[in-house]
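>>> sharing a model that was predicted from the sequence below.
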Amino acid sequence: MSYKNILLFVFILSFFSTVGQTLSDTINVTKYSIYIDEINTTAETIKGHTALRVTTNVENTSEIPLELISLEVDSVFCNDIKVMDFSYYNGRITTPLSQAINVGDTISMQIFYHGTPFSESWGGFHFSADNAFNLGVGFQSIPHNLGKTWFPCVDDFIDRAKYEFYITVDNPKKAICGGILLDEIDNNNGTSTFHWEIEQEIPTYLASVAIGEYVLYEDEYEGVERNIPIQIWCRAFEYDNIAGSFIHLKDILSYYESHWGPYPFSRVGYVSTAKGAMEHVGNIAYPYGCINGNTDDEWLYAHELSHMWFGNKVTCSTAGDMWLNEGWAVFNETLYREGLYGTESYMEEYNKTHQDVLYTAHTSSGDGDYYALYDLPQSITYGRTAYDKGSLVVHTLRYYLGDEVFFPAIREYLNAFAYQPASSYDLRDFLTNETGIDMTNFFDNWVFTTGFPGFEIDSVIATSNENEYQVFVQQKLRGRETYSDGNIIEITFMDQNWETYTETMTISGKQGSKIMNVPFTPISTYIDFYDKVSDATTDIKTVIKENGEINLSRAFVKINTTAISDSALVRITHNWIAPDSVKEENSTLRLSDYRYWKIDGIFPDDFSFSTSFFHKNSGLDNTLVINEGEELVMVYRANESYEWQVIPSTMIGQNTIGYLVIDNTQKGEYSLAVRPISGTNINNTSTSRTLNIYPNPTNKNLTIETSNITNGTINIYNATGSLVNNFTVSSNKITVGDNLPAGVYFIEMISDKKIVDKQKVVITK
């Protein structure tokens, strides 16, 4: 099912007593034959029975436990003998055996039941108008599996069985299940029975039924091994929309087969339902509104289709491994775009997901904290971490191994675990054996540890050898406390003509370095220039050829070019990590502890642009609290060897949300910061201009004219906010600056306990 199409709930149903227990440890159902004999959509009830073939996994098994919730059990038969002493309590049917069975033995059971089936806000068995359908998992329910809502079963991700369905409905309704329709029987009493069969073994949550006055849209896909029927069941008025909505279905199938192997089930099937989407085998529940004649929701049916490989052919072994189902399906939402629309579309979708995860997945609008992919709390099994962060990790795995290794290895993994469950450890160990690459570090870093690493170039130093450069890289931490090992990162060098040379380096621990031979003299050096690693940075690069404003929202900036004669390459990295601290011990600056920017690129000599840095105190900069008597400022440093300096900026908006704008942007690092305002309350600051300071910039002295105010005080602060000079105004013209070193300064005038003016000056000695 798709995260983007559901409302996530975190409540727990208290009536499940079997949390943490696995019936499949004891017994195994090899086949279900499900009979729904009556469906009353008005009373919202069902009546039916299920025949099961059951084996045992342990010796001397004396009873058979099965799960069923909400429905009433009428009778139980074992090997055609009615069982009088079965018990049914708290969602568990327990049937004692007259004679114990052992491994290899098989018994048959039949259980008859009726009543109102269970449903939650999303999963379960639903009635909608005159239709009915099931969704095989729930988000409120823990455990999540909800096969038990409409037939007795071993309801987990591990136990797998074959299925037959015999669903009787009032004419002219139809019953749509997974697999192949073997027969449609007219009962000559105003009802018909639909007989379906799934030959492959699947877990209970992937079995399905949908009942309504459906019409069938049929097609056929020429697969790599065989022709595969396509069946899309919909309401009559939706029929004409199907061709437009599913126009690329065959192309997506082809792309998936080329990467993941032959389609693993009997047919490609979708059925229109009031709620969805849900990846039932061969019978995907697909929401009404998505069959609309356009491709707006193409991503959704592509997501569900990819589950036929990831989730249905190979199923996560526990809820804690859900990223193996959902993370891979979200990745496939991105991958199909590569095949259909090109690499640029793939990267656009990937980068959008990457930013969204770093921005919101850990917040209250997401999962509420940083989590490892593996063993998530079951309240967020179907949350942002498993889905979207999971897809980012798959993207990173792709480039960690390289396409020539990644795709064949995953295809072999799907074959090795075909129609079986698999865990995160199974995938790790399989890839290690299949590729010959020890995957321990990768899985420790990306699957079993919370948060993200972040990588940045600390410095690049030319050695004494020609064309040889030593690159120093730092690993930083976001939502985690330990540094990871064995990280493979690309370093890309670029010369004045935009020629590039890329080489990889391995980083373990906090710092790493590598000497690289570059075939030209580089102007700029970038880490992960092609966005192959889903670390705690979001990058955007753009080519600018003319004046004007560009909104680079992925980096939370807008840039406005004011002068350019030749093309400029600008790369802005938004680091979701705290910047390095101010080096000065007594500085009054407080830098953001959450994020900062790095601006780099190839800039022509006359290239000039301003940058507007977005800030918001809710959900983005809420830890950078601005107290009374403080102001929000921008700080800058050219690189890690320099101290942070406050630079002139203009506030657009408010302290709570808006932009800080700087002119004449230079390469280097930028951060939001807070510093004290000298004087009383900032709200008393006059907006009138009372100081005339010139020349500015200057390499000599400054003249300050005070507009006839001679009863005030002038304070001079350096770029870190430290007071370097102050004096009482005794005339309306003052000369200062002969003892000030080069740098950026702020000059303010206070009169009658108010800041009447404040200006920035630059001394360039």
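On my side now, so go ahead. Numbers count the residues shown, from 1 in each chain.

>>> so what touches the strand ranked longest in the chain?
With secondary structure taken from DSSP state E, the chain has its longest strand at strand 27-40. Defining contact as Cβ atoms under 8 Å, 6 or more residues apart in numbering, one finds that strand 27-40 is touched by 45-57, 61, 64-65, 106, 114, 132, 150-151, 153-154, 159, 161-170, 175, 201, 204, 207, 209, 211. From N, CA and C alone the C-beta is placed, and that goes for glycine too.

>>> of the residues you listed, buried ones?
46-56, 61, 64-65, 114, 132, 150-151, 153-154, 159, 161-170, 175, 204, 207, 209, 211 (16 or more other Cβ atoms under 10 Å).

>>> inside strands: which ones of those residues?
Filtering the buried ones among the contacts of strand 27-40 for strands - DSSP E - leaves 46-56, 61, 64-65, 114, 132, 161-170, 175, 209, 211.

>>> hey, where'd the helices end up in this protein?
Counting by DSSP state H, the chain has helices at residues 239-245, 249-260, 298-306, 323-341, 343-356, 384, 390-401, 403-416, 424-435, 440-446.

>>> I'd say Ser608 and Thr561 touch.
Yes. The criterion here is Cβ atoms under 8 Å, and Ser608 meets it with Thr561 at 7.3 Å.

>>> pLDDT value on Asn725, please?
Model confidence at Asn725, given as pLDDT, is 85.

>>> could you give the number of residues near the nearest residue to it once chain neighbours are set aside?
Nearest in space to Asn725, with sequence neighbours left out and distances taken as Cβ to Cβ, 6 or more residues apart in numbering, is Ile716 at 4.3 Å. Using other Cβ atoms under 10 Å, Ile716 has 20 other residues around it.

>>> show me the shaky parts of this structure.
For the chain, the stretches with pLDDT under 70 are 1-21, 678-689, 708-710, 719-722, 753-755, 764-765.

>>> now do 80
Along the chain, the parts satisfying pLDDT under 80 run over 1-22, 678-690, 694-700, 707-711, 717-723, 730-732, 737-739, 742-744, 746, 751-765.

>>> show me how it divides into domains.
Under automatic domain parsing, the residue ranges defining each domain of the chain are 3-233, 319-450, 453-519, 536-676, 683-763.

>>> turn those domains into TSV, columns for distance to Tyr255.
TSV is the format used below for those (distance: least, Cβ to Cβ, whole Å):
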stretch	distance to Tyr255
domain 3-233	12
domain 319-450	4
domain 453-519	26
domain 536-676	26
domain 683-763	54
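
>>> from Leu427, how far off is the closest residue to Ser317 other than its chain neighbours?
Leaving aside its chain neighbours, Ser317 sits nearest to Pro421 (3.8 Å; criterion: Cβ to Cβ, 6+ apart). Going from Pro421 to Leu427 by Cβ to Cβ, to the nearest Å gives 12 Å.

>>> the two: which is more packed in?
Using other Cβ under 10 Å as the criterion, Pro421 and Leu427 rank with Leu427 on top: 24 against 20.

>>> contacts only, for that one.
Contacts of Leu427 (Cβ under 8 Å, 6+ apart): 324, 413.

>>> how near is it to Tyr596?
For Leu427, the distance to Tyr596 - Cβ to Cβ - is 35 Å.

>>> how many neighbours does the nearest residue to Asp375 once chain neighbours are set aside have?
Once flanking residues are discounted, Asp375 sits nearest to Gly320: 3.9 Å by Cβ to Cβ, 6+ apart. Neighbours of Gly320 under the rule other Cβ under 10 Å: 19.

>>> so what's Gly320 up against?
374-376, 378, 381.

>>> 10 Å - rerun?
372-378, 381, 386, 423-424 (Cβ atoms under 10 Å, 6 or more residues apart in numbering).

>>> my guess is Ile763 contacts Phe746, does it?
No. Using Cβ atoms under 10 Å, Ile763 makes no contact with Phe746, being 12.0 Å away.

>>> and Phe86, what is it in contact with?
63-64, 66, 73, 75-78, 93-96, 111.

>>> so among those, which ones count as buried?
Counted by 16+ other Cβ under 10 Å, those give 64, 66, 73, 76-78, 93, 95, 111 as buried.

>>> which one among these gets closest to Asn145?
The shortest gap between Asn145 and any of the buried ones among the contacts of Phe86 belongs to Leu66, at 12.9 Å (Cβ to Cβ).

>>> surely the closest one and Ser87 touch.
No. Leu66 is not in contact with Ser87 according to Cβ under 10 Å; the separation is 11.3 Å.

>>> overlap of the contact sets of these two?
Common neighbours of Leu66 and Ser87 (criterion: Cβ under 10 Å, 6+ apart): 73, 76, 93-95.

>>> can you tell me which of the residues you listed is nearest Gln654?
Nearest to Gln654 among the shared contacts of Leu66 and Ser87, with distances taken as Cβ to Cβ, is Ile93, at 62.5 Å.

>>> please name the nearest non-neighbouring residue to the most centrally placed residue in the chain.
Centroid-nearest residue in the chain: Asp388, 2.0 Å away (criterion: Cα atoms, centre = their mean). The shortest distance from Asp388 to any non-neighbouring residue, by Cβ to Cβ, 6+ apart, is to Val357 (4.9 Å).

>>> and that neighbour, how many neighbours?
Counted with other Cβ under 10 Å, Val357 comes out at 24.

>>> now do the strands in the stretch 601-750 of the chain.
608-616, 630-637, 645-647, 650-653, 657-662, 668-676, 692-694, 702-705, 713-718, 723-728, 733-736, 743-751 (DSSP state E, counting those that start in this stretch).

>>> what's the last one packed up against?
Secondary structure elements in contact with strand 743-751, counted by 3 or more Cβ pairs under 10 Å, 6 or more residues apart in numbering; DSSP states H and E, are strand 645-647, strand 702-705, strand 713-718, strand 723-728, strand 754-763.

>>> tabulate these (TSV), appending distance to Gly269.
Below are these laid out as TSV (distance: least, Cβ to Cβ, whole Å):
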stretch	distance to Gly269
strand 645-647	60
strand 702-705	78
strand 713-718	70
strand 723-728	74
strand 754-763	67
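
>>> pretty sure Gln140 is touching Thr381, no?
No. Look at Gln140 against Thr381 with Cβ under 10 Å: they stay out of range, at 11.1 Å.

>>> quick one, which of the two is more surrounded?
Thr381 (24 against 17).

>>> skip the chain neighbours and tell me the closest residue to that one.
Ala319 is the one closest to Thr381 (Cβ to Cβ, 6+ apart), at 4.6 Å.

>>> pretty sure that neighbour sits against Phe139.
No. Using Cβ under 10 Å, Ala319 is not in contact with Phe139, being 11.2 Å away.

>>> show me the contacts for the residue nearest to Arg571 when sequence neighbours are not counted.
Distances taken as Cβ to Cβ, 6+ apart put Lys541 closest to Arg571, at 4.1 Å, once the chain neighbours are dropped. Counting by Cβ under 10 Å, 6+ apart, Lys541 touches 526, 529-531, 552, 555, 569-573, 600-601.
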